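Colleague: take a look and give me a structure for this.
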Amino acid sequence: MSADVRAFIELMRPKNMVLAAITVPLGALFGLNASLTEQQMTAVAIQILSVLAFMGAGNAMNDIKDAAIDAQAHPNRPLPSQRITLEAAKKFVVVLWILSFSLMAGGVYLLIQNDATWWPLASIYIVAVALMLTYDLGPETKTKGLIGNVSISLMVAAVILYGAATVDSITRLSFLVAGVVFFTNLAREIVKDCQDMLADAGERYTLPMKIGLERARMLAYVFIMAGLVCLYIPYWKGPFGFGRLVMQTPAILVLITLNGPLFQGQDVLVSGRIRVAMLLGLMGFILTMFV
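Modeller: Next comes the predicted model:
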């Protein structure tokens, strides 16, 4: 693989995209009792690719917008390191957007062909596009603190509902799992802003700049607890049995032990552990459905 290809893949931030690859089929499974037909699996596979292209485009747009900040905070990324030119990155974003939209349209077509409800899939996609564009372009919510953190977290959480909409199966459980993803990702976004506060000076006015590092970290922990509540409800109120909450032990342990590192200011460590906890939580739901 050439260095250029590796740089374009890195521009998409594949580590962040792993979560999307898991959450689309997971969202579909929640409403269908963990059972997908061959046709539904095809539809889900198409939308996994659509979401991956969407997230890749968004991550690339973010790097284009943050090129000056990343020159200090993340100098090894493709644009600051000059492994990719700004013009090439912009063209790459256009290709990804076209691919993502085309695949979404294909999903709508499949739903119509099967006399299923198609508009939730299209609506979620349109809302996500609006959030993405307002995040990076105008009014640039990413520069406005908490509202930007909320926007990006809504986009991440919407993938669960998008997966369910792919097979016309949005349920109460879908919303609860989306809540887990939303709150934990929101906490992670705040912690990342704490980590990058010095590099963001003059470019963004983030929550830690407004209320201070200590209060921002406290709020992040509140959102982590909110995520735990959403994680707990499906085992308390159904559809899962309470005893099966044991499947979520790894995710719960990671989250509840973040208190110390968070208030010690270990932002890099906490950010990484929140991502791990999100993956463990989703894997816990998968185990709950299949074991």
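
Colleague: contacts for the least confident helix or strand in the chain by mean pLDDT?
Modeller: When each helix and strand of the chain is scored by mean pLDDT, DSSP states H and E, helix 67-73 comes last, with a mean of 75. By C-beta atoms under 8 Å, 6 or more residues apart in numbering, the residues outside helix 67-73 that reach it are 63, 77, 79-80, 86, 196, 199-200, 203-204. Every C-beta, even on glycine, is put in place using the N, C-alpha and C of the backbone.

Colleague: got those residues as a markdown table, with neighbour count columns?
Modeller: Output for those, formatted as a markdown table (neighbours: other C-beta atoms under 10 Å):
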| residue | neighbour count |
| --- | --- |
| Asp63 | 25 |
| Arg77 | 19 |
| Leu79 | 23 |
| Pro80 | 19 |
| Leu86 | 11 |
| Asp196 | 21 |
| Ala199 | 17 |
| Asp200 | 20 |
| Glu203 | 16 |
| Arg204 | 19 |
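
Colleague: got any ranges where the stretch 51-200 of the chain has weak pLDDT?
Modeller: For the stretch 51-200 of the chain, no stretch has pLDDT under 70.

Colleague: for Arg217, what are its contacts?
Modeller: Counted by C-beta under 8 Å, 6+ apart, Arg217 has contacts 190-191, 194, 262-263, 265, 267.

Colleague: now flag whichever of those residues is closest to Gly243.
Modeller: The shortest approach to Gly243 among the contacts of Arg217 belongs to Leu262, at 30.3 Å (C-beta to C-beta).

Colleague: is it true that the closest one touches Val270?
Modeller: Yes: counting by C-beta atoms under 8 Å, Leu262 does reach Val270; the two are 5.1 Å apart.

Colleague: so which of these two has more stuff around it?
Modeller: Between Leu262 and Val270, Val270 has the larger neighbour count (other C-beta atoms under 10 Å), namely 27 against 22.

Colleague: got a list of what the more buried one touches?
Modeller: Contact partners of Val270, counting by C-beta under 8 Å, 6+ apart, are 191, 220, 258, 261-262.

Colleague: these into JSON lines, with extra columns for secondary structure?
Modeller: Output for the contacts of Val270, formatted as JSON lines (DSSP: H, G, I helix; E, B strand; the rest coil):
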{"residue": "Val191", "secondary structure": "helix"}
{"residue": "Ala220", "secondary structure": "helix"}
{"residue": "Leu258", "secondary structure": "coil"}
{"residue": "Pro261", "secondary structure": "helix"}
{"residue": "Leu262", "secondary structure": "helix"}
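
Colleague: most surrounded residue in the residues you listed?
Modeller: Val191 (30 neighbours).

Colleague: can you pull the contacts of the residue nearest to the spatial centre of the chain?
Modeller: Closest to where the C-alpha atoms of the chain average out (C-alpha atoms, centre = their mean) is Val156, at 2.8 Å. Applying C-beta under 8 Å, 6+ apart to Val156 gives the contacts 19, 181-182, 185.

Colleague: identify the farthest-apart pair in those residues.
Modeller: Longest distance between any two of the contacts of Val156 is 12.5 Å, between Leu19 and Phe182; criterion C-beta to C-beta.

Colleague: who's more crowded, the two?
Modeller: A direct count of neighbours by other C-beta under 10 Å for Leu19 and Phe182 places Phe182 higher, at 23 against 19.

Colleague: so that one sits against Met155, correct?
Modeller: No: counting by C-beta under 8 Å, Phe182 sits too far from Met155 to count as a contact (9.7 Å).

Colleague: thinking again about what came up before, anything in contact with each of Leu262 and Val270?
Modeller: Common neighbours of Leu262 and Val270 (C-beta under 8 Å, 6+ apart) are 191, 220.

Colleague: any idea which helix or strand carries Arg188?
Modeller: helix 172-195 (DSSP states H and E).

Colleague: which parts of that helix are buried?
Modeller: For helix 172-195, a neighbour-count test (16 or more other C-beta atoms under 10 Å) marks 173-195 as buried.

Colleague: what helices or strands is that helix leaning on?
Modeller: helix 14-30, helix 146-166, helix 207-211, helix 213-236, helix 267-290 (3 or more C-beta pairs under 8 Å, 6 or more residues apart in numbering; DSSP states H and E).

Colleague: hang on, the earlier thing: pull the CA atoms of the least confident helix or strand of the chain into PDB?
Modeller: Coordinates of each C-alpha in helix 67-73 appear next as PDB, following Å, rounded to 0.1, in the frame of the first residue of the first chain:
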ATOM      1  CA  ALA A  67      -5.300  22.100  10.000                       C
ATOM      2  CA  ALA A  68      -3.900  25.100  11.900                       C
ATOM      3  CA  ILE A  69      -4.800  23.700  15.300                       C
ATOM      4  CA  ASP A  70      -3.500  20.200  14.400                       C
ATOM      5  CA  ALA A  71      -0.100  21.700  13.400                       C
ATOM      6  CA  GLN A  72       0.500  22.200  17.100                       C
ATOM      7  CA  ALA A  73      -1.800  19.600  18.800                       C
END
